[in-house]
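# Using only what follows, build the 3D model:
(chains A and B)
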Amino acid sequence: MHQLTIAEIIRGLRSKEFSSTELTRHLLGRIQQLDGSYNSFISITEEKALAQAKAADQRLADGDAPVLCGVPIAHKDIICTSGVRTSCASKMLDNFIPPYDATLVENLNTAGTVTLGKTNMDEFAMGSSNESSYYGPVKNPWDTGYVPGGSSGGSAAAVAALLVPGATATDTGGSIRQPAALTNTTGLKPTYGRVSRFGVVAYASSLDQAGPIARNAEDAAHLLSAMASHDPKDSTSLDHPHTDFTAGLDNSVAGLKIGVPKEYFGEGLNPETASRVQDALKELEKLGAQLVDISLPHTELAIPAYYVIAPAEASANLSRFDGVRYGHRCEDPSDLRDLYMRSRGEGFGEEVQRRILVGTYALSAGYYDAYYNKAQQARRLVKQDFVQAFDKVDVIMGPTTPSPAFKLGAKSANPIAMYLEDIYTIATNLAGLPGMSIPCGLVNNMPVGLQITGNYLDEARMLNIAHQYQQVTDWHKASAV
Amino acid sequence: MEWEIVIGLEIHVQLSTQSKLFSGASTRFGAEPNTQACAVDLAMPGTLPVPNEEAFRYAVMFGLAMNAEIGKRSIFERKNYFYPDLPKGYQTTQLEQPIVGPGEVEIHLEGGSHKKIRLHHAHLEEDAGKSLHEDFQSMSGIDLNRAGTPLIEIVSEPDMRSAVEAVAFLKKIHSIVTYLGISDGDMSQGSLRCDANVSVRVKGTDKLGTRTELKNINSFRFVERAIKVEAERQIDILENGGSITQETRLYDADKNETRSMRSKEVANDYRYFPCPDLLPVSLTDDYIEQLRGTLPELPDTKALRFQSEYQLSVYDADQVTQERASADFFEAVCKSCGEPKLTANWINGELAALLNRQGITIHQSPVSAEQLAGLISRIKDNTISSKTAKQVFEAIADGAGNADEVIEKRGLKQVSDTSAIEKMVDDVIAASPTQVENYRKADESKRPKMMGYFVGQIMKSSKGQANPQMINNMLRKKLGELL
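Next up, the predicted model:
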């Protein structure tokens, strides 16, 4: 039963092959049994899940169930769930239970999904290997000696290990796409503003965006259809009508213009990874798509710009964790300064502290123009590259990551090497564009991801292309377990 | 050496919107601590700010009333600092592109002179909560009810040259925000708060001296006294060869002195940057013009109208229009009694004194507009004298009813009957042979003064109810006959 995709579950529940309760029990048992090896969950919400499954079964029996009713999923632990601890994988929020649901959780609850638990992640979504979690690293189900990528490593690993058919995740610089690539899952970061950020604990507000990780494009389309909404509680949420992203999955991709940026195939790219991506592009050509060489000349500015803007925003976003109202508070503070210093020093891990320091520095008097303003200029140039490219092509494709998954601990001592993991994904966030990663092959039995970057609000087309590719290839069906 | 004082004010005005600047929580004053703070105000993880449109409308109305440029594209920034009553660890405010740009306003000084004071800008921002240091053993309490309440911070140019001008500017701002109805302006509840930047320089020089920032001056009186005492302190230092330290100073009203709070040199680096949770706010010309159309008549315009429509003096018109409530009160009284000059005198005189004595506003006046009009009508038709009227006014204020009731009940009606007056005059002449003799012998020029004795006697015997004008005329006639 755990091998079923969301689309298959939707059909199975309606044809009464199984109930949501049966499926939920089965998956909870599997998590119990197997997750010790992957550490992909921080919290398992068995009681709530069974209650939701029971309610879903009733609605299915009554015949008024929405599409996703009874489908088990998991939420990344940075996404607020009412009455359920939302830790951001940090000691700081180890005791934090929000009294509200994130809007995207509310949307999925309304759609009838069943929440099995909260998935592990890099602390406050800062990381590309899922090694910065207070609850320990997540292991890649393809080889537990390897990282699953990050920061949404738990969501990706749980889907790859067939513990759950789909999960929510967030992506600030590649945190959905990079782990999806490294675990052979399908992950989509929507256009900035497509999914409400209300209730998603902020890392870098102008870059954060939530999206789904699933086993294939069709499932991702189902999840995104439920997650996306215009939300008056998020001023940056786009006022866009509700979209059924599954509607156009079967469209033909003949005549599609795929831009292939030369900057994404240069130095630093693993040749095996490059060859899998080239194979995928050829496959799409066979479906009638046309490859167009393009250039995104400011690509090299993306990483430095990101590592100023994201930490700058984070340094302010994380100021609220001060030990005063909720979260970790140090023992017996001697005065206010001591309360702040020790609560934050004890509550935040190394990478979070590093980014707060970098961000604080970048915003300081005398450095602001050289760093923050410069980074904003670079961001505009990066965005402009894409706008110009989309005048000529419909989508842009390339590798999601420079190489397949690396070994646990391989890059922990070298933050810069870790930051380069997101070299192909970060520009998308800076531009606010939708980005996606789909499986496109294996290198030494480790997965490779194909990145699809779309124009603003063009997720339906991206999902359509991915789905068409997945109709003629089986890479997404390759299983870690 | 002659010194010149240079003053600029920063005024925080709490806007009287129903809900907070970025959340739906109520802004009502005086609720139980932390009962008006929602998840957004508490800066719970994952919550986001949603701008309150009403606050923007209020800010634009203020800008229009100040003849200021309106920022058609304004942005919010984060001002970062740690403090327990600042839940997010930053204040959402405006720096680079405020909603209200440069403008100017006229202040009115004693003797009817006017002066223009320039507005540097005004911006929207959220208020912090309150730290409470009493009542908690070795701990501090935090009340976040006020956190997120919308403020406009009004920053003047350093255009004021005396404490009196500073107070006049503050009163003008108070007057404008209450006329617009965008704030209750209540300084005692912190709805209007003022900081003053004060420096001194040798008169005739251009260069600004080193300034200090005065805090805790939250009444008109404290603003005046604090600026005076601070300027004296600075002059004293400079005259003794010292120099001024740029710093924030706290005014101690009990001791009437200012003292150092913290040095600006070690001040925080606030690391301002645009708030990524809020989009730039764009205002269209239509929106601005539409708001301009809804502005009420403002104090300056109203004062001019009162001068022409009611023939009030410049001083009376300025006085009575300073607060919208007193201007409304004036018009209500005037409409009913038709005596603008007397009305202005009563409002600026007896009524103002009464309100001041009781520490209340004109809204809470124990004498209604209707009652004051009734009283003035009785003065006008000679039923009572002005002197008796003061007595009647006090009685009305004490709740004894309206003017007619008081006059009737206490028998205060003025005697204006000619035969009664004549009898009183005859009686006093008959009873005062010595004084009459003296009057007759006296020099012509001294006689009017000597008449005072007879008037006094009559007033005494009539308990002040005799019409003084008639008494005077009758006495002059009768005494004249005796010459």
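
# ok, the residue in chain B positioned nearest to chain A - contacts?
Using Cβ to the nearest Cβ, the closest approach of chain B to chain A is made by B:Gly89 at 2.4 Å. In this view, the C-beta of every residue, glycine as well, is placed from N, C-alpha and C. B:Gly89 is in contact with A:316, A:319-320, A:322, B:43, B:80-82, counting by Cβ atoms under 8 Å, 6 or more residues apart in numbering or on different chains.

# just A:Pro261 next, same as before
Here A:Pro261 is in contact with A:294-296, A:299, A:389, A:396, A:398 (Cβ under 8 Å, 6+ apart).

# which of those residues are buried?
Buried subset of the contacts of A:Pro261 (neighbour count, 16 or more other Cβ atoms under 10 Å in any protein chain shown): A:294, A:296, A:299, A:389, A:396, A:398.

# helices and strands around the helix or strand hosting the last one, which ones?
Secondary structure here is read from DSSP states H and E; on that basis A:Gly398 sits in strand A:395-399. With contacts taken as 3 or more Cβ pairs under 8 Å, 6 or more residues apart in numbering or on different chains; DSSP states H and E, strand A:395-399 sits against strand A:257-261, helix A:271-286, helix A:374-392, strand A:446-454, helix A:459-472.

# what's the angle between that strand and strand A:257-261?
Interaxial angle of strand A:395-399 relative to strand A:257-261 (axes from the mean of the first three to the mean of the last three Cα atoms, to 10 degrees): 40 degrees.

# Show residues contacting strand A:395-399.
Strand A:395-399 is contacted by residues A:181, A:256-261, A:264-265, A:269, A:273-274, A:277, A:280-281, A:284, A:294, A:296, A:386, A:389-390, A:424, A:448-455, A:458, A:461-462, A:465 when judged by Cβ under 8 Å, 6+ apart.

# 7 Å - rerun?
Under the criterion Cβ atoms under 7 Å, 6 or more residues apart in numbering or on different chains, residues A:258-261, A:264-265, A:269, A:273-274, A:277, A:281, A:389, A:424, A:450-454, A:461-462, A:465 lie in contact with strand A:395-399.

# Over to stretch B:368-386?
The contact list for stretch B:368-386 (Cβ under 7 Å, 6+ apart) reads B:329, B:332-333, B:336-337, B:339, B:342-343, B:346, B:351, B:389, B:392-393, B:396, B:402-404, B:407, B:412-414, B:416, B:467-468.

# OK, contacts around B:Glu213?
For B:Glu213, the contacting residues are B:195, B:197, B:248-249, by Cβ under 7 Å, 6+ apart.

# tell me the SS of the nearest residue to it once chain neighbours are set aside?
The shortest distance from B:Glu213 to any non-neighbouring residue, by Cβ to Cβ, 6 or more residues apart in numbering or on different chains, is to B:Thr248 (4.7 Å). What DSSP: H, G, I helix; E, B strand; the rest coil gives for B:Thr248 is strand.

# and B:Thr248, how many neighbours does it have?
16 (other Cβ atoms under 10 Å in any protein chain shown).

# So in terms of bridging, what pairs with it?
Assessed by DSSP bridges, B:Thr248 has beta-bridge partners B:Glu213, B:Arg262.

# Flag every residue of the stretch 251-400 of chain A that's near chain B.
When proximity is defined as Cβ under 7 Å from any Cβ of the partner chain, the stretch 251-400 of chain A approaches chain B at A:312-313, A:316, A:319-320, A:322, A:324-325, A:336, A:340, A:360, A:363-365, A:372.

# Out of the residues you listed, which comes closest to B:Glu134?
Proximity to B:Glu134 was ranked across these by Cβ to Cβ; first place goes to A:Leu336, at 16.9 Å.

# returning to that earlier point: which among the contacts of B:Gly89 end up buried?
Buried among the contacts of B:Gly89 by 16+ other Cβ under 10 Å: A:316, A:319-320, A:322, B:43, B:80, B:82.

# I'd like those residues written out as TSV, with pLDDT and distance to A:Ser479 added.
Listed next are the buried ones among the contacts of B:Gly89 as TSV, based on pLDDT from 0 to 100; distance: Cβ to Cβ, whole Å:
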residue	pLDDT	distance to A:Ser479
A:Ala316	98	42
A:Ser319	98	43
A:Arg320	98	41
A:Asp322	97	45
B:Ala43	98	43
B:Asn80	97	48
B:Phe82	94	49
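
# ok, the residue nearest to B:Glu213 touching B:Lys215?
Yes: in this structure, B:Thr248 is within contact of B:Lys215 by Cβ atoms under 7 Å, at 6.0 Å.

# shared neighbours of those two, which are they?
Common contacts of B:Thr248 and B:Lys215, defined by Cβ under 7 Å, 6+ apart, comprise B:Met261.

# Residue 16 - how many residues pack around it?
Because you didn't say which chain, this covers chain A. So A:Lys16, with other Cβ under 10 Å, has 9 neighbours.

# You answered for a different chain; I wanted chain B.
For B:Ser16, using other Cβ under 10 Å, the count is 21.

# how about it, secondary structure?
coil.

# Can you check the pLDDT for it?
Per-residue confidence (pLDDT) for B:Ser16: 96.

# Isn't A:Leu224 up against A:Thr246?
No: using Cβ under 7 Å, A:Leu224 makes no contact with A:Thr246, being 9.2 Å away.

# can you map out the strands along chain A?
Secondary structure of chain A (DSSP state E): strands located at A:41-44, A:72-76, A:114-119, A:166-171, A:186-189, A:209-214, A:257-261, A:290-294, A:395-399, A:435-443, A:446-454.

# winner for burial among those?
Most buried of those by mean neighbour count (mean count of other Cβ atoms under 10 Å in any protein chain shown) is strand A:186-189; its value is a mean of 32.

# Need the contact partners of it.
By Cβ under 7 Å, 6+ apart, strand A:186-189 touches A:156, A:169, A:171, A:176-177, A:180, A:209, A:211-217, A:220, A:224, A:428, A:434-438, A:459, A:466, A:476.

# Off-centre distance for it?
Offset of strand A:186-189 from its chain centre (Cα atoms, centre = their mean, to the nearest Å): 6 Å.

# Enumerate the residues of chain B near chain A.
Contacts of chain B with chain A, taken as Cβ under 7 Å from any Cβ, map to B:39, B:42-46, B:48-51, B:78, B:80, B:82, B:84, B:87-90, B:269, B:271, B:273, B:276-279.

# 8 Å instead?
B:39, B:42-51, B:78, B:80, B:82, B:84, B:87-90, B:142, B:269, B:271-273, B:276-279 (Cβ under 8 Å from any Cβ of the partner chain).

# Take those and keep only those in strands.
B:78, B:80, B:90, B:142, B:273.

# name the helices or strands packed onto the helix or strand of chain B with the lowest mean pLDDT?
Within chain B, no helix or strand scores below strand B:257-263, which has a mean of 82 by mean pLDDT, DSSP states H and E. Applying 3+ Cβ pairs under 8 Å, 6+ apart, we find strand B:257-263 packed against strand B:212-215, helix B:220-239, strand B:247-252.

# For my notes, please list these in a markdown table and give distance to A:Arg85 for each entry.
Below are those laid out as a markdown table (distance: least, Cβ to Cβ, whole Å):
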| stretch | distance to A:Arg85 |
| --- | --- |
| strand B:212-215 | 43 |
| helix B:220-239 | 50 |
| strand B:247-252 | 43 |
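
# Output the ones you listed in CSV; the columns should cover mean pLDDT and distance to B:Ser313.
Formatted as CSV, the helices and strands packed on strand B:257-263 follow (pLDDT from 0 to 100; distance: least, Cβ to Cβ, whole Å):
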stretch, mean pLDDT, distance to B:Ser313
strand B:212-215, 94, 35
helix B:220-239, 96, 23
strand B:247-252, 93, 35
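
# Buried deepest among these, which one?
Each of those was scored by mean neighbour count; the highest is strand B:212-215, a mean of 21, by mean count of other Cβ under 10 Å.

# chain center to that one, what's the gap?
With Cα atoms, centre = their mean, you get 22 Å for strand B:212-215.

# Equivalent analysis for stretch B:309-329, please.
With Cα atoms, centre = their mean, you get 13 Å for stretch B:309-329.

# near chain B, which residues of the stretch 101-250 of chain A?
A:102, A:197-202, A:204-206, A:232-236.
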